[in-house]
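# curious how this folds, go ahead:
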Amino acid sequence: MHKRMTITLDEPVYEGLCRVVSQRQRSQFIEDLLRPKVMGDALDDGYRAMAADKTRETEAVEWCNALAGDMANEAR
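Okay, here's the model as predicted:
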């Protein structure tokens, strides 16, 4: 669920944001910058745990290879 908020920025910062990011992408841009600062390492820890699970990694590689094979067969 998304929440709406109002923030205050220094005018040069706001103008720079407007130059760099389109109006439709500003929320996602700000969220992407904030997420690592406010969510901690939980996501990184989760990815590390998944990568350490050799059975899961093997199954994922097999699934990707099968999908690539399916895509190659569709192209013919």
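# tell me what the helix or strand A49 falls within is packed against?
Per DSSP states H and E, A49 falls inside helix 42-52. Helices and strands touching helix 42-52, by 3 or more C-beta pairs under 8 Å, 6 or more residues apart in numbering; DSSP states H and E, are helix 54-75. Where you see a C-beta, it was placed from the backbone N, CA and C, and this is true even at glycine.
# count of neighbours near R19?
By the measure other C-beta atoms under 10 Å, the count of residues near R19 is 7.
# no wait, A49
10.
# which pLDDT does the model give D44?
The per-residue pLDDT reported for D44 equals 79.
# I'd like the numbering to begin with 628 instead of 1 from here.
New numbering, starting at 628: the last item is D671.
# for the protein, which residue is closest to the average position?
Nearest to the geometric centre of the chain sits D659, at 7.6 Å (C-alpha atoms, centre = their mean).
# now the helix holding A676: how far from the chain's centre is it?
Its chain's C-alpha centre and that of helix 669-679 lie 14 Å apart, by C-alpha atoms, centre = their mean, to the nearest Å.
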